[in-house]
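Trainee: Sequence isn't available, so here's the structure alone:
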Ligand code: ADP
Ligand code: MG
């Protein structure tokens with residue numbers, strides 16, 4: 001092959017990025033300091049270029065360069081892009097690792113991964129001895145795992161005595177962030193230097209609409225129609241340039257795309273479009289759980305004369321940069337997992353974005369020339385309903401899993417851990433309480449044997465608890481598929497067209513009915529098993545309106561969970577239990593062990609009331625096979641909660657009160673006082689004595705109960 005044929009056009013492209021002019025200074029800055037904060041506008045080349053610069057500069061001699069991303073899709077697509085730029089096969093020199101998908105090898109020196117994956121690696125190797133450089137990327141997103149990693153890095157690597165422990169060479173840490181909060185980050189990391197990449201941005205004119213006002217705040221279900229209208233207006237009346245639409249989630253996006261397809265088809269380009277050089281619209285969805293081959297299309301320029309319209313979740317705000325965008329349609333909302341103290345649970349909610357987030361969205365239109373941002377909400381909505389800044393995830397979601405991780409890392413004092421922004425103490429206490437309820441920690445806050453097993457699974461602790469219960473009873477085959485199915489995207493296809501929707505619903509009901517006992521967990525198990533045993537699994541999926549791709553990943557996840565379990569079962573103290581109840585109950589009894597924190601009881605009509613002390617009123621989600629069967633139910637457990645106009649519980653299973661009777665008191669057994677003392681290292685002697693005498697009294701009463 002001649003030299004010129006090998007020469008990649010991408011090389012030229014990357015030389016045009018703002019970061020390129022600062023290449024040597026950046027490399028020097030990393031050499032000069034153990035910690036460095038790098039900041040620059042989205043799209044300046046931080047994520048794709050800096051790791052390559054550092055590799056060229058010889059930073060891979062001693063170890064790998066690891067780059068974390070809060071989002072899985074970002075880790076995968078960026079790794080793909082960098083592999084392409086470096087002209088190597090993905091998984092060789094450049095690879096990625098995300099939950100349940102490891103695309104790295106012995107040769108991998110530039111490794112993109114989710115922050116959750118790095119956190120798991122810290123558990124196995126706290127010194128991160130395989131790495132020469134760790135780059136924490138997208139720190140401004142303030143994801144829970146990135147925040148925890150920041151704290152861990154501060155705790156270990158800013159302390160000279162600890163920093164070299166377990167390492168033969170010092171670790172370099174680079175923290176990358178879009179423009180916000182760089183002083184705060186530098187101060188947090190021993191006042192480390194900040195390297196700012198000057199950006200080039202063009203003005204973006206923002207206009208407010210009339211579709212959403214303050215009165216819509218309470219009952220807002222994002223209507224795809226509102227954004228579709230605006231997008232089509234842009235398409236017909238604005239000059240050439242691509243459109244990026246921000247919506248809330250997969251189903252709204254798919255719905256909007258369907259509608260756009262239909263309506264754009266009716267446009268007669270000879271008469272209806274102002275800019276006659278535009279003669280078509282290419283509609284592309286973009287959301288986190290989308291197949292990566294489909295995602296690749298997003299980055300490709302549209303064919304000549306065609307306008308690209310990407311309908312995306314917040315992922316396109318900073319994680320992924322799409323070139324050529326000139327118009328933004330901002331729905332003003334985002335789907336977010338929030339801890340709702342009214343309900344006492346983590347709830348997937350659709351909430352208004354912050355003003356800073358709205359500015360970030362608008363900024364996507366001004367990368368290469370002046371752009372326009374169309375906000376579908378009113379100025380009044382902006383003023384009254386949108387907060388200034390987004391609250392960091394650590395201050396709004398359940399901390400159960402990360403607190404268990406910290407505990408397993410030997411960090412007992414989880415209250416005085418160096419958090420960039422402290423979570424409320426009651427959130428920490430709630431997490432400790434939940435861990436205690438799951439038997440992952442004891443009353444003194446020490447990790448139990450079970451807790452050590454639980455931390456190995458990249459699953460919600462409740463689900464892990466149920467799985468381990470099943471494993472100890474020898475029936476893991478019932479729970480492994482369920483855990484896998486709940487770890488992948490939604491497997492049920494819901495077509496936009498009403499007739500097709502009816503057909504899909506009918507098929508889904510039939511799959512549920514096959515299990516004999518209407519129970520959404522059993523349905524998941526049934527779908528998994530039926531498809532797996534089918535001769536033509538993809539055809540089976542098509543026929544039953546099931547996402548084949550999602551199911552395929554569930555198969556892979558199940559194998560991986562099985563491997564983890566198998567490894568743990570080799571340990572000699574893996575718990576073994578027997579079950580002398582009714583075998584048909586076994587499945588649901590195992591689920592109860594992990595989901596007793598999510599128990600609800602029917603109160604009146606179709607309304608259920610949760611049993612966690614909050615007594616929240618919830619409804620069964622229409623996607624459940626138990627929807628409309630409420631009258632026959634009394635007690636249920638559920639997997640998660642979604643709040644729109646109502647609070648809905650999803651993936652529901654009927655249970656009997658006797659199965660949770662002994663577990664429910666655990667929800668109220670410990671009080672915050674006890675746990676607040678175990679959360680701190682220094683328990684006063686007085687507290688300890690009080691505590692121990694209470695324990696002794698409890699044991700005494702247990703003995704006398706047994707006697708009776
Ligand atoms: P930053 O991290 O500073 O936001 P990036 O390194 O992500 O910037 O992006 C730099 C450039 O690389 C952008 O112009 C973006 O469009 C391009 N790019 C990133 N990922 C891909 C991809 N998967 N395919 C094509 N282009 C990409
Ligand atoms: Mg980036």
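Mentor: Happy to help now that I have it. Values in this document were obtained by computation on a predicted structure and should not be read as measured data. Numbers count the residues shown, from 1 in each chain. Ligands and ions are numbered 1, 2, ... in the order given.

Trainee: for the closest residue to ligand 2 within the stretch 351-500 of the chain, what are its contacts?
Mentor: In the stretch 351-500 of the chain, the residue that lies nearest ligand 2 is residue 360 (12.4 Å; CB to the ion). Quick note: C-beta positions are derived from backbone N, CA and C, even for glycine. Shown in contact with residue 360 (CB atoms under 8 Å, 6 or more residues apart in numbering): 42, 178, 317-318.

Trainee: Now neighbour count and secondary structure too, for those, in JSON lines please.
Mentor: As requested, the contacts of residue 360 are arranged in JSON lines below (neighbours: other CB atoms under 10 Å; DSSP: H, G, I helix; E, B strand; the rest coil):
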{"residue": "42", "neighbour count": "22", "secondary structure": "coil"}
{"residue": "178", "neighbour count": "22", "secondary structure": "coil"}
{"residue": "317", "neighbour count": "25", "secondary structure": "coil"}
{"residue": "318", "neighbour count": "25", "secondary structure": "coil"}
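
Trainee: Surely the residue of the stretch 351-500 of the chain closest to ligand 2 is in a helix?
Mentor: Yes - counting by DSSP: H, G, I helix; E, B strand; the rest coil, residue 360 is part of a helix.

Trainee: give me the number of residues near residue 477?
Mentor: Residues within reach of residue 477, counting by other CB atoms under 10 Å, total 13.

Trainee: same check, this time on residue 304
Mentor: 7.

Trainee: and it, helix, strand or coil?
Mentor: On the basis of three-state DSSP, residue 304 is classed as coil.

Trainee: ok, which stretches of the stretch 551-700 of the chain are strands?
Mentor: 599-602, 608-610, 617-620, 635-643, 647-655 (DSSP state E, counting those that start in this stretch).

Trainee: If we ignore the residues flanking it in sequence, what's nearest the closest residue to ligand 2 within the stretch 551-700 of the chain?
Mentor: For the stretch 551-700 of the chain and ligand 2, the shortest gap (CB to the ion) falls at residue 553, measuring 25.2 Å. Using CB to CB, 6 or more residues apart in numbering and skipping residues adjacent in sequence, the residue nearest residue 553 is residue 488, 4.8 Å away.

Trainee: where's the one you found relative to residue 288, distance?
Mentor: 12 Å (CB to CB, to the nearest Å).

Trainee: and those two? which has more neighbours close in?
Mentor: Neighbour count, other CB under 10 Å: between residue 488 and residue 288, residue 488 has more, with 20 against 17.

Trainee: where does that one land on pLDDT?
Mentor: You'll see residue 488 listed with a pLDDT of 84.

Trainee: Hmm, residue 550 and it touching each other?
Mentor: Yes - using CB atoms under 8 Å, residue 488 makes contact with residue 550 at a distance of 5.0 Å.

Trainee: how about the residue of the stretch 451-600 of the chain found nearest ligand 1, what does it touch?
Mentor: Using CB to the nearest ligand atom, the closest approach of the stretch 451-600 of the chain to ligand 1 is made by residue 549 at 19.5 Å. Contacts for residue 549 (CB under 8 Å, 6+ apart) come out as residue 291.

Trainee: now the strands for the stretch 101-250 of the chain?
Mentor: 101-103, 110-114, 131-136, 172-177, 194-197, 204-207, 242-246.

Trainee: How about residues contacting stretch 579-592?
Mentor: Residues from elsewhere that reach stretch 579-592 (CB under 8 Å, 6+ apart): 466-467, 469-470, 473, 475, 478-479, 482, 519, 521-522, 525, 637, 653-655, 659-660, 663.

Trainee: Just these: which are in helices?
Mentor: 466-467, 469-470, 478-479, 482, 521-522, 525, 659-660 (DSSP state H).

Trainee: circling back: which among the contacts of stretch 579-592 count as buried?
Mentor: With burial judged by 16 or more other CB atoms under 10 Å, the buried subset of the contacts of stretch 579-592 is 466-467, 469-470, 473, 475, 478-479, 482, 519, 521-522, 525, 637, 653-655, 659-660.

Trainee: Note down every partner strand of the helix or strand in which residue 283 is found and its orientation.
Mentor: Assessed by DSSP states H and E, residue 283 sits inside strand 280-286. Here strand 280-286 is paired, per DSSP bridges, with strand 306-312 (parallel).

Trainee: For the partner strand, the averaged confidence score.
Mentor: On average, strand 306-312 scores 95.

Trainee: Contact partners for the closest residue to ligand 2 within the chain?
Mentor: Relative to ligand 2, the nearest point of the chain is residue 47 (3.2 Å; CB to the ion). Contact analysis of residue 47 by CB under 8 Å, 6+ apart lists 67, 69, 74, 78, 137-138, 176.

Trainee: closest to residue 108 among those residues?
Mentor: residue 67 (11.8 Å; CB to CB).

Trainee: tell me the secondary structure for the closest one?
Mentor: Here residue 67 is recorded as strand under three-state DSSP.

Trainee: residues contacting it?
Mentor: Taking CB under 8 Å, 6+ apart as the test, what residue 67 contacts is 47, 51, 78, 110-113, 135, 137.

Trainee: just the buried members of the residues you listed?
Mentor: 47, 51, 78, 110-113, 135, 137.

Trainee: Take those residues and lay them out in JSON lines including pLDDT.
Mentor: Below are those laid out as JSON lines (pLDDT from 0 to 100):
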{"residue": "47", "pLDDT": "96"}
{"residue": "51", "pLDDT": "98"}
{"residue": "78", "pLDDT": "94"}
{"residue": "110", "pLDDT": "98"}
{"residue": "111", "pLDDT": "98"}
{"residue": "112", "pLDDT": "98"}
{"residue": "113", "pLDDT": "98"}
{"residue": "135", "pLDDT": "98"}
{"residue": "137", "pLDDT": "96"}
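
Trainee: wait, which of the strands of the stretch 551-700 of the chain is closest to ligand 1?
Mentor: strand 635-643 (31.0 Å).

Trainee: Might you list the low-confidence residue ranges for the chain?
Mentor: For the chain, residues meeting the criterion pLDDT under 70 lie at 1-11, 180, 217-223, 340-345, 671-708.

Trainee: can you count the residues close to the residue in the stretch 251-400 of the chain that ligand 1 sits nearest to?
Mentor: Proximity of the stretch 251-400 of the chain to ligand 1 (CB to the nearest ligand atom) peaks at residue 299, 3.4 Å away. For residue 299, the neighbour count with other CB under 10 Å is 15.

Trainee: Residue 325 is in contact with that one, correct?
Mentor: No - here residue 299 does not reach residue 325: they are 11.4 Å apart, not a contact under CB under 8 Å.

Trainee: Within range of ligand 1, give me the residues from the stretch 51-200 of the chain.
Mentor: The stretch 51-200 of the chain comes close to ligand 1 at residues 77-78, 80-81, as judged by CB under 6 Å from any ligand atom.

Trainee: tell me which of the residues you listed is nearest to ligand 1?
Mentor: Of these, the one sitting nearest to ligand 1 (CB to the nearest ligand atom) turns out to be residue 81, at 3.5 Å.

Trainee: and the closest one, what element?
Mentor: helix 72-85.

Trainee: What are the boundaries of the helices in the stretch 551-700 of the chain?
Mentor: 586-595, 657-661, 666-669, 672-679, 685-707 (DSSP state H, counting those that start in this stretch).

Trainee: ditto for the stretch 301-450 of the chain
Mentor: 355-363, 379-385, 400-408, 425-437, 449-454.
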